[in-house]
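Colleague: Take a look and give me a structure for this.
(4 chains, ligands or ions: 4)
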2 protein chains.
Amino acid sequence: MNSDPATRIRALGARVTPARLAVLRLLEGADRALSHHDVEAALSDLDIDRVTLYRVLDWLVESGLAHRVTDAQRVFRFSLAAPNAPQHDQHAHFRCEDCGKVFCLDDVQIAQPALPKGFSAKSVGLSVTGQCAQCDRHTAAK
Amino acid sequence: MNSDPATRIRALGARVTPARLAVLRLLEGADRALSHHDVEAALSDLDIDRVTLYRVLDWLVESGLAHRVTDAQRVFRFSLAAPNAPQHDQHAHFRCEDCGKVFCLDDVQIAQPALPKGFSAKSVGLSVTGQCAQCDRHTAAK
DNA sequence: CACGTTAATGCAATCTTGTTGCATATAATC
DNA sequence: GATTATATGCAACAAGATTGCATTAACGTG
Ligand SMILES: [Mn+2]
Ligand SMILES: [Mn+2]
Ligand SMILES: [Zn+2]
Ligand SMILES: [Zn+2]
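Modeller: Residues are numbered from 1 along each chain as shown, chains lettered A, B, ... in the order given. Ligands and ions are numbered 1, 2, ... in the order given. Below is the predicted model:
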């Protein structure tokens, strides 16, 4: 499990293409959730079409390799679904208000909240905003 | 505090206009968070321009009378910031996967999660998805 | 109640993010 | 290397939201 990108792609019955390999490798090396824009910029030298990137990202989510987050700016962000992580439907994210970066908080446990009568929960997500470590250092070192 | 709409608008140093009054009253009577589309539909007889509604909603958020939520469909939704509610920076929402409605869970307490070193939290939001009471009744009564 | 000032509005154009249709290219299988 | 279904590229589209600018109207003042 968690073998090299090509093997993981093939294991899903999908074709190993440069776009899929590149995106998968990029997400593997990322320390945060990347937007389509981030991916496009990072892989600009490969000249992959905008739409192809959208489709690769969608495919990653559908196949369970990645998960999608919506931030307050209505932008989708993607990050690799850690195979060891709990359910994807119990996920916490941190959004830095200074740099806009979104980080996955994989080890934060979320408590099931009490809901009004008749309501039933299927997933619970926690989204924290504030300042990330890098931006904290910048403002401190002024 | 929490006086009539016109007074509350004036208290902010803003002009009392039909659009602001209508939107504020609409949000006051709403049992859920409304999208721009919802507002436009509800106030269609007033013939308020689309852009004016956007600006009124923005103004409500900026002035602290309302708050904005982004749902998984990347649509902004707005609901009145309950004056009695705790901090605005601790807010929970429920999104029904059947009907798409978004409800504020004003009385859910959110625990501050532990963050990585260097990170500091300013707000914490909880977003729950599932089935709302109304849709639950529909499926049960089949 | 007129008047003047300035905030608010209406309208058209624009932007951003993401999606769809269809012809072409290419990964995988033989 | 030929075959075939999948993936890609390109152009067009779509929805939500924003911007620029001329016009309107809220409201303080007289
Ligand atoms: Mn995540
Ligand atoms: Mn709310
Ligand atoms: Zn930051
Ligand atoms: Zn529902």
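
Colleague: On the three-state scheme, A:H138 is what?
Modeller: Secondary structure state of A:H138, per DSSP: H, G, I helix; E, B strand; the rest coil, is helix.

Colleague: quick one: it from A:Q131, how far?
Modeller: 9 Å (CB to CB, to the nearest Å). No exception for glycine: its C-beta is placed from N, CA and C like everyone else's.

Colleague: Overlap of the contact sets of the two?
Modeller: Common neighbours of A:H138 and A:Q131 (criterion: CB atoms under 8 Å, 6 or more residues apart in numbering or on different chains): A:D98.

Colleague: Neighbours of the residue lying closest to A:A111 once chain neighbours are set aside, how many?
Modeller: Excluding its sequence neighbours, the residue lying closest to A:A111 (CB to CB, 6 or more residues apart in numbering or on different chains) is B:A111, at 6.4 Å. If you count neighbours by other CB atoms under 10 Å in any protein chain shown, B:A111 ends up with 14.

Colleague: Between A:H138 and A:Q131, tell me which one has more neighbours.
Modeller: A:Q131 (20 against 13).

Colleague: what residues are up against the closest residue to that one other than its chain neighbours?
Modeller: Excluding the flanking residues, the one nearest A:Q131 by CB to CB, 6+ apart is B:S120, at 5.1 Å. Contact analysis of B:S120 by CB under 8 Å, 6+ apart lists A:G130, A:Q131, A:D136.

Colleague: if we can go back for a sec, hmm, the residue nearest to A:A111 is touching A:P113, no?
Modeller: No - under the criterion of CB atoms under 8 Å, B:A111 is not in contact with A:P113, lying 10.0 Å apart.

Colleague: From A:I110, how far out is the residue nearest to A:A111?
Modeller: 9 Å.

Colleague: With A:S35 instead?
Modeller: 24 Å.

Colleague: Can you give the strand pairings for the top strand by length along chain A, parallel or anti for each?
Modeller: Taking DSSP state E as the criterion, chain A has its longest strand at strand A:120-131. Strand A:120-131 has its sheet partners listed here by DSSP bridges as strand A:90-96 (parallel), strand B:120-131 (antiparallel).

Colleague: pLDDT on the first one, on average?
Modeller: This means strand A:90-96. Strand A:90-96 shows a mean pLDDT of 90.

Colleague: got it, and the last one?
Modeller: Strand B:120-131 shows a mean pLDDT of 93 in the predicted model.

Colleague: what's A:H91 in contact with, if anything?
Modeller: Applying CB under 8 Å, 6+ apart, the residues near A:H91 are A:H67, A:V69, A:A85, A:C104, A:L105, A:D106, A:I110, A:G125, A:L126.

Colleague: Near DNA strand C, list only the ones from these.
Modeller: When contact is defined as CB under 7 Å from any atom of the strand, these do not meet DNA strand C at all.

Colleague: Whichever of these count as buried, I'd like them selected in ChimeraX; how would that read?
Modeller: Remark: buried members of these, expressed as a ChimeraX selection using 16 or more other CB atoms under 10 Å in any protein chain shown:
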select /A:67,69,104,105,110,125,126
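
Colleague: still on that earlier bit, if you compare the strands paired with strand A:120-131, which one is most tucked away?
Modeller: Ranked by mean neighbour count under mean count of other CB atoms under 10 Å in any protein chain shown, the strands paired with strand A:120-131 are led by strand A:90-96, which reaches a mean of 22.

Colleague: So is that one next to ligand 3?
Modeller: Yes - contact of strand A:90-96 with ligand 3 (CB under 5 Å from the ion) involves A:C96.

Colleague: After that strand, which helix or strand is next?
Modeller: The C-terminal neighbour of strand A:90-96 among helices and strands, as given by DSSP states H and E, is strand A:102-105.
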